[in-house]
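Novice: Sequence first, predicted coordinates after that:
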Amino acid sequence: MKTIEAIKKRRSIRHYDPAFKISDEEIKELIELAMLSPTSYNIQHWKFVVIDNQKLRNEIKEAAYGQVQVAEASALILVVTDTKAWEKDMFEKWKNVPKEIGDFMATSAHQFYLDREQLQRDEAIRSASFATQTLVLAATAKGYESGVMIGFDFDKVDELINLPKDYIISNLVVIGKGIKEAHPRGGQTSIEKVLIKNKF
Ligand SMILES: Cc1cc2nc3c(=O)[nH]c(=O)nc-3n(C[C@H](O)[C@H](O)[C@H](O)COP(=O)(O)O)c2cc1C
């Protein structure tokens, strides 16, 4: 499937065939594609928590106010993001470039994010958001349906997955075989309202 076709085809799907399986290898492949998304200084803040334990999925469904797709889609992936990733493993993240360039990137990232808590959080969510969009477009290209979600009790889900300190959940993603069409699009804002030339 061509990228533009996948962008147009992707919709938020809320009802899935619970009997339909996606293999662990294919989930891994989708995550590897998501990991090709861009991040500032190649920080790669993300972790992808794949929930395949049905009891845990049911508990997360309850925390998501009973939204059935959480328990019924083939895959439930929590896109989680580390607000302190900018100070972790930065030399490893630049291991393929000459050492002086790697050192420069790691040092610059440290100076850029140090003591800027709001920016650290924004950046972590930004990276997770790019990865989420790549994940759902890759799933679409493979013929699956998907949904991105934040309709859940974050504190409760943090607790259910033992979320480490400094991490935040960006959003959930469900992927599977849809059994109900999406509603017609809710209503797109007009291009005139969102395309701004040069300055506000
Ligand atoms: C960050 C985010 C959170 C969302 N949370 C939920 C959710 O909890 N439950 C749900 O049914 N849809 C959720 N949606 C889906 C939106 O309602 C949907 O993307 C929007 O209406 C546009 O429709 P489309 O995705 O089909 O194009 C969420 C979407 C995003 C991007």
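Specialist: Everything's here; your move. Numbering: from 1, shown residues only.
Novice: going forward, measure contacts and count neighbours with C-alpha atoms only.
Specialist: Noted.
Novice: what's the burial count for residue 44?
Specialist: When neighbours are defined as other CA atoms under 10 Å, residue 44 has 23 of them.
Novice: Tell me if it really is in a helix.
Specialist: No. Secondary structure assignment (DSSP: H, G, I helix; E, B strand; the rest coil) places residue 44 in coil, not in a helix.
Novice: sec struct for the nearest residue to it once chain neighbours are set aside, please.
Specialist: Computed as CA to CA, 6 or more residues apart in numbering, the closest residue to residue 44 that is not its neighbour in sequence is residue 127, at 6.8 Å. Three-state secondary structure (criterion: three-state DSSP) places residue 127 in helix.
Novice: contacting residues around residue 127?
Specialist: With contact taken as CA atoms under 8 Å, 6 or more residues apart in numbering, residue 127 is in contact with 37-40, 44-46, 81.
Novice: Kindly report the same for residue 57.
Specialist: Contacts of residue 57 (CA under 8 Å, 6+ apart): 51, 70-71, 76.
Novice: so residue 140 is in which element?
Specialist: Residue 140 is part of helix 117-141 when elements are defined by DSSP states H and E.
Novice: contacts for the helix or strand following that helix?
Specialist: Of the helices and strands lying after helix 117-141 in sequence (DSSP H and E), the nearest is strand 145-149. Under the contact criterion CA under 8 Å, 6+ apart, strand 145-149 has outside partners 10-14, 132, 136, 139-140, 171-178.
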